[in-house]
Structures are given as structure tokens and as C-alpha cells.
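>>> below is the sequence, then the predicted model.
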Amino acid sequence: MAKEGRHILGKDGRTLPVLPPERDGRVWAKMVRVMFYTPGFMAILLLKTGEPASFGITVELLMLSSAAAAIGGLFVGSQSEGNGADHSSRVGIWSGALVLELLAVVPFLCAVPSLFHELAHSTLLHAKAPSAVDISLGASELLPAIAILPFMLYQLSGFGTMHYVIPKVANWIINIAVLGLIIASYVANRMGDYSWERHFVGLLVTLMALTVAYGVVRLKAMQVEYDTFSPQKEAK
């Protein structure tokens, strides 16, 4: 895959697949560190509080986010364009980006609204004094959930890696499903219906895992097709 520019038509006249643009591996490596340590430390702090069942699925989401970031780092680290590079190594950063976007960031975004609500009302983290007045945070509890909106803009405006591996309609359907499942899991958490919260979260994680698996395989297949049918560069 030439960095100077990509061919549009292959040797046989067919249209070559549109691959994602070149990514800076150093930026994604830094993203791996952020997404590994931040959710991991938050999960450890929650475990140390010994809080009741409402923290359970939140801790699991944070640990998934942290573990997925480590796997994303493996993909990013496999990127190579030099001697010995193969089809898999040429899509390492894109594959790692897909893992980070869907299996690290999405679970983290799903965990944050419920996490804030749980911490704000925790009786173990801040015991109430006898004369204290219980002040409801009201709509301000939804402020952490606003982070979901720029992520949706990132995905639906063509910045996300998923934009290049699935049709536009499918991309919209998946992202709307992500938004709906995050909202549904948060509502279930607020209502104390932890069984339904687990169902919604389980469906969300399954959808993300299947999309990542398809995306990684599809990226490699697109790279194979591009390398096979793209015109050979003339020797200088």
C-alpha cells in the first residue's frame, strides 16, 4: 500500500477496496496506555469499596475496557511496512483501532454514567451526618453521559475505522443500537433492575465483539485484494 497515494483501479480494471487512511501508530500506542490504566484503576477502586450489587456490571465493563486495550496494543504493535511485512502486519494499526474503539471505548462509555450515579449515592464512600440534607443532583447526573454524543459523531462522520469495513446503513444501525443499549442499561441501573442491565450490557458487548471480529477479518481481506490487484509501482 503506497503511502504517496493509492490506486483506484486494479490491474484487471476492477475497483480496488477503499482502505482507511494511514494512522500514526504512536498516537494509538498512547491511546492504549490511557485506556488500559484509567478503567483498570477505576475498577480496582470500586472493588476496594466493597459496594453492593450495583457496582458489579460496572466493574466488569471497566475491566473489559482495560483488557481490550491491551489486546488493541498487540494489534498496533504488529504494524509493519518494511521487510517481511505481510497482509496482516499492514492492517495492524487499523485492527487495533477497531478493538480500541468498540471493545475499550464503548464499554467505558457504558460504564461511566452508571458509575457516576453509584458513586454519587454511595453510602460507604461518604457516610451521611445525622443533620445532613439529602440534595438530589437531578439532571446534572447525566453530564458524564454527554461523552457518548461526540463518540457517535466520531463514528457517523467517517472518522471511525468501522466506516471503512461495513456499509453506511449498517454503520448507522450498529451505532444507533449502541446508543440505545447504553441508555437502556443506564435506565435499568437507575431503577435497580440489575438483571435487565446485565441483559442490555451483554447484548452490547456481544454486538461489539462480533463487529470487531468481522472488521479485523474484513480489513485483512481488503488488504489482500488491494495488494493482489493493485498495479505494481515502477522501479525508480
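It's in.
>>> can I take it that residue 203 is in a strand?
No: the assignment for residue 203, made by DSSP: H, G, I helix; E, B strand; the rest coil, is helix rather than a strand.
>>> please tell me how far the residue nearest to it when sequence neighbours are not counted sits from residue 206.
Among residues not flanking residue 203 along the chain, residue 181 sits closest, at 6.0 Å (Cβ to Cβ, 6 or more residues apart in numbering). Bear in mind the C-beta positions are built from the backbone N, C-alpha and C, glycine included. In this view, residue 181 and residue 206 are 10 Å apart by Cβ to Cβ, to the nearest Å.
>>> which neighbouring elements make contact with the helix or strand that the residue nearest to residue 203 is a member of?
Assigning secondary structure by DSSP states H and E places residue 181 in helix 168-190. Packed against helix 168-190 by the contact rule (3 or more Cβ pairs under 8 Å, 6 or more residues apart in numbering; DSSP states H and E) you find helix 106-120, helix 148-156, helix 194-229.
>>> could you dump that helix to CSV, C-alpha only?
Coordinates of each C-alpha in helix 168-190 appear next as CSV, following Å, rounded to 0.1, in the frame of the first residue of the first chain:
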residue,chain,number,x,y,z
LYS,A,168,-23.0,3.1,5.7
VAL,A,169,-26.5,1.9,6.5
ALA,A,170,-25.1,-0.9,8.7
ASN,A,171,-22.8,1.6,10.4
TRP,A,172,-25.8,3.8,11.3
ILE,A,173,-27.8,0.8,12.6
ILE,A,174,-24.9,-0.5,14.8
ASN,A,175,-24.2,2.9,16.3
ILE,A,176,-27.8,3.6,17.0
ALA,A,177,-28.1,0.2,18.6
VAL,A,178,-25.0,1.1,20.7
LEU,A,179,-26.6,4.3,21.9
GLY,A,180,-29.9,2.6,22.6
LEU,A,181,-28.3,-0.2,24.6
ILE,A,182,-26.2,2.2,26.7
ILE,A,183,-29.3,4.3,27.5
ALA,A,184,-31.3,1.2,28.3
SER,A,185,-28.6,-0.2,30.6
TYR,A,186,-28.3,3.1,32.4
VAL,A,187,-32.1,3.4,32.9
ALA,A,188,-32.1,-0.2,34.3
ASN,A,189,-29.3,0.7,36.7
ARG,A,190,-31.1,3.7,37.9
